[in-house]
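*Asks:* Provided below are the primary sequence and the corresponding predicted coordinates.
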Amino acid sequence: MTNNHRAEHRITVQAPARTVYGLIADVESWPRVFPPTVHVDVLDRTAGEERIRLWATANDAVKTWTSRRVLDPGGLRVGFRQEVSQPPVAAMGGEWTVEPLSDTVSLVRLTHDFRAVDDDPEGVEWITRAIDRNSDAELDALRRAAEQASGTGADDLSLEFDDVVEVAGDPADVYDFLYDARRWQERLPHVNRVELEESTPNLQLLEMDTLTPNGAVHTTKSVRVCFPSAAIVYKQLRTPALMTVHNGLWRIAKSTSGCTVTSTHTVVLSRDAVVPVLGEGATVGDARTFVRDALGRNSTATMLLAKEHAERAARER
């Protein structure tokens, strides 16, 4: 007989129930809100129901699965059920429920039910640990995001921006340059050290040290989801102190001259880190400018070197 297991996690949020529900319902914003979520693709969407593919970290591994979600805005509930799971998970489902305790306070419950492959006790333990770890991280992040959204000055902590480079070369050559991060230490002047793992094809764990113009070293750790010749989505698991969230996207699109490469950064700043990092008197506006310049400078430098690589390959053919 197959054993079904259940888990429930809850948190109280100082925000209206509708605000909290909106964050749960908007699955495309999850990589910005929830630490474990790396990337989400909405595969199908109808009124009250959607089918998604999600990539997320679980116990320091990267997993991907397909789920169906049922949204009930009237009841402030979102149910979910995995259609395609990854071992050791055999089946997984659950529900988000938001209960208004007052006009400004909400109780959030996150329930899971699951089965492990072959009822393996080690699998059950692994899944339980992953659910506990991710649920606690997600609920705490949901609380912070909802309380920030309900307060003042929340919007100034978030920024998203693009940098674009045109390349007279093959999109595949640009993609290969961006994908092969193992060679970045020799190819990119601002990269000092690289460690890359890819135990599952096109899912990478990348740790690297980058140099700032003043000589400081920043260590970052990222998950990268690679879509050959088209895009690389990444999320930093270890961010510099000034940011609480840093997600990125490299997009490569064919053009009449070759291809267009776009680097998109999505960032949430840490208000408490502004003065410690940038000095007395620094403002959130200063932090926005600093982060925009630093990230844009590095990503543009990377794209220009990818451009040089692809255009040289085109000349040699």
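*Replies:* Yep, it's here. Numbers count the residues shown, from 1 in each chain.
*Asks:* ok, which stretches of the chain are strands?
*Replies:* Assigned by DSSP state E, the chain shows strands spanning 5-13, 37-46, 49-58, 61-72, 77-84, 89-100, 106-116, 158-167, 191-200, 203-211, 217-227, 231-238, 243-254, 259-269.
*Asks:* using PDB, list the CA coordinates for the last one.
*Replies:* To tie it back to what came earlier, the one meant is strand 259-269. C-alpha atoms of strand 259-269 as PDB (Å, rounded to 0.1, in the frame of the first residue of the first chain):
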ATOM      1  CA  CYS A 259      21.300  38.400 -33.900                       C
ATOM      2  CA  THR A 260      20.300  40.700 -31.000                       C
ATOM      3  CA  VAL A 261      21.600  39.900 -27.500                       C
ATOM      4  CA  THR A 262      19.600  41.300 -24.600                       C
ATOM      5  CA  SER A 263      20.600  41.200 -20.900                       C
ATOM      6  CA  THR A 264      17.800  41.700 -18.400                       C
ATOM      7  CA  HIS A 265      18.400  42.200 -14.700                       C
ATOM      8  CA  THR A 266      15.600  42.200 -12.100                       C
ATOM      9  CA  VAL A 267      16.700  43.400  -8.700                       C
ATOM     10  CA  VAL A 268      15.300  44.000  -5.200                       C
ATOM     11  CA  LEU A 269      17.500  46.200  -3.100                       C
END
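*Asks:* report the buried residues of that strand.
*Replies:* 259-269 (16 or more other C-beta atoms under 10 Å). Where you see a C-beta, it was placed from the backbone N, CA and C, and this is true even at glycine.
*Asks:* again with stretch 133-147
*Replies:* 133-135, 138-139, 141-143, 145-147.
*Asks:* do me a favour and average the pLDDT over it.
*Replies:* The average pLDDT within stretch 133-147 is 93.
*Asks:* what comes into contact with that stretch?
*Replies:* Under the contact criterion C-beta atoms under 8 Å, 6 or more residues apart in numbering, stretch 133-147 has outside partners 7, 9-15, 19-20, 23-24, 33-36, 56-59, 106, 108, 110, 112.
*Asks:* just the buried members of the residues you listed?
*Replies:* Using 16+ other C-beta under 10 Å, the buried ones in the contacts of stretch 133-147 are 9, 11, 13, 15, 19-20, 23-24, 33-36, 56-58, 106, 108, 110, 112.
*Asks:* got any ranges where this protein has weak pLDDT?
*Replies:* Scanning the chain for pLDDT under 70 picks out the ranges 1-2, 151-155.
*Asks:* show me the residue at the heart of it, geometrically.
*Replies:* Centroid check for the chain by C-alpha atoms, centre = their mean gives Val38 as the closest residue, at 3.1 Å.
*Asks:* am I right that Val33 is in contact with Leu23?
*Replies:* Yes - applying C-beta atoms under 8 Å as the test, Val33 and Leu23 come out as touching, 5.9 Å apart.
*Asks:* from memory Thr262 sits against Gly248, does it?
*Replies:* No - using C-beta under 8 Å, Thr262 is not in contact with Gly248; the gap is 10.8 Å.
*Asks:* quickly list the domain ranges of this protein.
*Replies:* Domain assignment for the chain by automatic domain parsing gives 5-150, 156-316.
*Asks:* tally up the residues packed near Arg18, please.
*Replies:* 13 (other C-beta atoms under 10 Å).
*Asks:* what residues does it make contact with?
*Replies:* Leu76.
*Asks:* ok, now how distant is it from Arg32?
*Replies:* In this view, Arg18 and Arg32 are 19 Å apart by C-beta to C-beta, to the nearest Å.
*Asks:* same check, this time on Phe80
*Replies:* 19 Å.
*Asks:* quick check: angle from the lengthiest helix in the chain to strand 158-167?
*Replies:* The single longest helix within the chain, with elements called by DSSP state H, is helix 284-316. Interaxial angle, helix 284-316 versus strand 158-167 (axes from the mean of the first three to the mean of the last three C-alpha atoms, to 10 degrees): 20 degrees.
*Asks:* which parts of helix 284-316 are buried?
*Replies:* 287-288, 290-291, 294-295, 298-299, 302-303, 305-307, 309-311, 313.
*Asks:* how about Val78, what does it touch?
*Replies:* Counted by C-beta under 8 Å, 6+ apart, Val78 has contacts 21, 24-25, 69-72, 95-96.
*Asks:* among those residues, which ones are buried?
*Replies:* Neighbour-count burial (16+ other C-beta under 10 Å) applied to these gives 21, 24-25, 69, 71, 95-96.
*Asks:* would TSV of the residues you listed with distance to Arg224 be doable?
*Replies:* Output for the buried ones among the contacts of Val78, formatted as TSV (distance: C-beta to C-beta, whole Å):
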residue	distance to Arg224
Tyr21	31
Ile24	26
Ala25	27
Arg69	25
Leu71	30
Glu95	31
Trp96	28
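*Asks:* which one of those sits closest to Leu237?
*Replies:* Ile24 (22.3 Å; C-beta to C-beta).
*Asks:* identify the residue spatially nearest to the closest one, adjacent ones excluded.
*Replies:* With sequence-adjacent residues excluded and distances taken as C-beta to C-beta, 6 or more residues apart in numbering, Ile24 is closest to Trp96, at 4.8 Å.
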